[in-house]
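[1] Give me the fold of what follows.
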Amino acid sequence: MLAYMTAGEAAEKWSISHRRVITLCQENRIPDVAMLGNMWIIPKDAVKPVDGRTIRYDKKNPAKPFVKWAGGKGQLLPTIRKFYPAGMGTTIRKYCEPMVGAGAVLFDILNTYEMDEVYICDTNAELMNAYIAVKENVNQLIELLMKYENEHLKRDDEGRKEYYYQQRERFNAEIQKLDENNSLLRAALFIYLNKTCFNGLYRVNRKGLYNVPMGTYKNPKICDIDNLKKTSELLQCVTILTGDYTCIEKVVDKNTLVYFDPPYRPLTKTSEFTSYNADDFNDEDQIKLAEFIKSLKSAKVMASNSDPKNVDENDEFFDDLYDRLNINRVSANRAINSKGKGRGKIKELLITNY
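    Next up is the predicted model:
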């Protein structure tokens, strides 16, 4: 007679999370599993399945963010990788990114490591709706984006401009409805606007309406089918939440890496760093975030921010705020002001508690 074990026993035996075992059962990845009431039971001699997320990793063409985002970390990834904690993918099996934006670090980790649990969140509800659409309805999303891409690219410059503002108006009408019936449409419009607007910005006015002007792109890639499908596969293991950074507090533990990439503290009054978010993120907000980061004592925590010493050697704001953590100054290609003057290597901060 075949002997069985519970999902919890399998999790302990295979050194993975209980939740991951349940997912493997639901995906029919374990032979001869069965349901007993509302509980999965697994043959005791079952072997831990090879994780499909590892098989999917393509070193030459890894999945990358499906949207552009001001302040994205794509260029800084080689440096950030050097600061991942020891044990990534082994003892560190859970990842949280509570201010996810475009998710450059998220996708780097999903491409590279086998994680049991991944949580992302952001206060931008339309961004998180787009993540959900890529995860759950990528084929339908691709159909809509192909339509927008074809309509946009076949027009001359004036026609593209007219089409862009028509779709921006439509997006603003749809986001005021906020119901499940238009979630896929909102996601497609969000991505279309993101790919064709000025600098990939997301900015709204006091009425909450998107007001970013059109950018100047000769041949924008609005529907990257291959990348959308890759990101959709990787997002299958990700829990997507909408809210501020505190929403991950209850899920972090000693096996977790948490990465914070908040709106950067402005270096100058015209700094690009102020364009990351529709809402201002002032010094008081930076202080609250730092207190939250310091409260996560069990988890491994990494955070990015601007380095005020680029413009004022005596500015000790972050040095004082994170005086008990490790403050690493790393080189980044940025412009200190909105006109691009002074573009080149400047310092940014990578703060860790390990």
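
[2] Quick one, grab the pLDDT at residue 220.
    pLDDT for residue 220: 94.

[3] What is the neighbour count of it?
    Using other Cβ atoms under 10 Å, residue 220 has 18 other residues around it. Backbone N, C-alpha and C define where each C-beta goes, glycine included.

[4] In contact with it, which residues are there?
    Listed by Cβ atoms under 8 Å, 6 or more residues apart in numbering, the contact partners of residue 220 are 152, 153, 195, 196.

[5] Sort out for me which of the residues you listed are in helices.
    Using DSSP state H, the members of those that fall within helices are 152, 153, 195, 196.

[6] Can you give me the neighbour number for the first one?
    Read it as residue 152. 20.

[7] ok, back up a step: just the buried subset of the ones in helices among the contacts of residue 220, please.
    152, 195, 196 (16 or more other Cβ atoms under 10 Å).

[8] and which of those is nearest residue 12?
    Using Cβ to Cβ, residue 195 is the member of these that sits closest to residue 12, with 45.5 Å.

[9] which of the ones in helices among the contacts of residue 220 sit farthest apart?
    Farthest pair in the ones in helices among the contacts of residue 220, by Cβ to Cβ: 153 and 195, 11.2 Å.

[10] the strands in the stretch 251-354 of the chain, which residues?
    256-260, 300-306, 326-334, 344-352 (DSSP state E, counting those that start in this stretch).

[11] Does anything pack onto the helix ranked longest in the chain? Which helices or strands?
    When the chain is parsed with DSSP H, its longest helix is helix 157-175. Contact here means 3 or more Cβ pairs under 8 Å, 6 or more residues apart in numbering; DSSP states H and E; on that basis helix 157-175 packs against helix 138-153, helix 183-196.

[12] As CSV, could you dump the C-alpha coordinates of that helix?
    Taking C-alpha atoms only, helix 157-175 is exported to CSV below (Å, rounded to 0.1, in the frame of the first residue of the first chain):
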residue,chain,number,x,y,z
ASP,A,157,4.2,62.2,-36.4
GLU,A,158,1.1,64.3,-36.2
GLY,A,159,-1.2,61.3,-36.4
ARG,A,160,0.8,59.5,-33.6
LYS,A,161,0.4,62.6,-31.4
GLU,A,162,-3.4,62.7,-32.0
TYR,A,163,-3.7,58.9,-31.3
TYR,A,164,-1.6,59.2,-28.1
TYR,A,165,-3.8,61.9,-26.6
GLN,A,166,-6.9,60.0,-27.5
GLN,A,167,-5.6,57.0,-25.6
ARG,A,168,-4.5,59.1,-22.7
GLU,A,169,-8.0,60.5,-22.5
ARG,A,170,-9.5,57.0,-22.7
PHE,A,171,-7.2,55.8,-20.0
ASN,A,172,-8.2,58.6,-17.7
ALA,A,173,-11.9,57.8,-18.3
GLU,A,174,-11.3,54.1,-17.5
ILE,A,175,-9.3,54.7,-14.3
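
[13] where does the chain have its least confident helix or strand?
    helix 52-56 (a mean of 47; mean pLDDT, DSSP states H and E).

[14] what about residue 120, which helix or strand?
    strand 117-122 (DSSP states H and E).

[15] strands paired with that strand, and their directions?
    Paired neighbours of strand 117-122 in the sheet (DSSP bridges): strand 94-97 (parallel), strand 238-242 (parallel).

[16] could you give the angle of that strand to strand 256-260?
    20 degrees (axes from the mean of the first three to the mean of the last three Cα atoms, to 10 degrees).

[17] Nearest residue to residue 133 in space, please, no chain neighbours.
    Excluding the flanking residues, the one nearest residue 133 by Cβ to Cβ, 6 or more residues apart in numbering is residue 187, at 3.5 Å.

[18] Ok, residue 197 next?
    In space, and not counting its chain neighbours, residue 197 is closest to residue 212: 4.4 Å by Cβ to Cβ, 6+ apart.

[19] quick one: the one you found and residue 205, what's the gap?
    Distance, residue 212 to residue 205, by Cβ to Cβ, to the nearest Å: 10 Å.

[20] if we can go back for a sec, list the contacts of the helix or strand following the least confident helix or strand of the chain.
    Counting by DSSP H and E, the element after helix 52-56 in chain order, helix or strand, is helix 77-81. The contact list for helix 77-81 (Cβ under 8 Å, 6+ apart) reads 73, 104, 105, 108, 302, 304, 330, 331, 332, 350.

[21] what residues are up against the nearest residue in space to residue 224 that is not next to it in sequence?
    Spatial nearest neighbour of residue 224, chain neighbours left out: residue 66 (7.1 Å); criterion: Cβ to Cβ, 6+ apart. The contact partners of residue 66, by Cβ under 8 Å, 6+ apart, come to 102, 130, 134, 191, 224, 227, 228, 231.
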